[in-house]
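Chemist: starting from these lines, generate the structure:
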Amino acid sequence: MSDWFARPVLHVTDVEASLRFYMERLGFTNSWRYDEDGRASVAQVDRQGCALILTDHWPEKVGKGLMFISLNVEPATREAATAALDALRAEFEARGAPVRDGSWGYRLLVVDDPDGNQLFFNYPGETAPGKTAEGSA
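Modeler: Residues are numbered from 1 along each chain as shown. Now for the predicted structure:
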């Protein structure tokens, strides 16, 4: 039996600008890109096993993406996972990424990309009643 590998697609207005954001602000690398008319039209960014495809195709879908990203932490204790996510938040903030708290039944770290696509990083086992991330319900 083979394993599946999912790569979600995020729709963006400008792939080049999105590549800069994901690489400079969030620490992703660019593993490949497809150019049309001398500019990036589709590209993939990767970080620690998380792969996202960015495309300017289907402009009516721009900014409607919502990604849940969970950190795999060893050892897998709640304290270790919380510390890892706090460290990730500090890294993102140091890089100038827009980071905020959110909730979707549990505590989240939320990052909005320049087009409004949202990345939700969950804090395992932690609830945050009364707070919601914009665009989630």
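Chemist: alpha carbons only for contacts and neighbour counts from here, please
Modeler: OK.
Chemist: buried residues in the longest helix that the chain contains?
Modeler: For the chain, the helix with the greatest residue count under DSSP state H is helix 78-94. Neighbour-count burial for helix 78-94, with 16 or more other C-alpha atoms under 10 Å as criterion, is recorded at 81-82, 84-85, 88-89, 92.
Chemist: any chance of those in CSV, plus pLDDT and distance to Lys64?
Modeler: Shown next, in CSV, are the buried residues of helix 78-94 (pLDDT from 0 to 100; distance: C-alpha to C-alpha, whole Å):
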residue, pLDDT, distance to Lys64
Ala81, 79, 28
Thr82, 84, 28
Ala84, 86, 27
Leu85, 89, 24
Leu88, 94, 24
Arg89, 95, 23
Phe92, 97, 22
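Chemist: redo the residues you listed as CSV? Include distance to Leu26.
Modeler: CSV is the format used below for the buried residues of helix 78-94 (distance: C-alpha to C-alpha, whole Å):
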residue, distance to Leu26
Ala81, 18
Thr82, 18
Ala84, 15
Leu85, 13
Leu88, 9
Arg89, 10
Phe92, 6
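Chemist: which of those residues sits closest to Arg100?
Modeler: Distance to Arg100, by C-alpha to C-alpha, is smallest for Arg89 among the buried residues of helix 78-94, at 9.0 Å.
Chemist: and the closest one, how far from Asn30?
Modeler: In this view, Arg89 and Asn30 are 21 Å apart by C-alpha to C-alpha, to the nearest Å.
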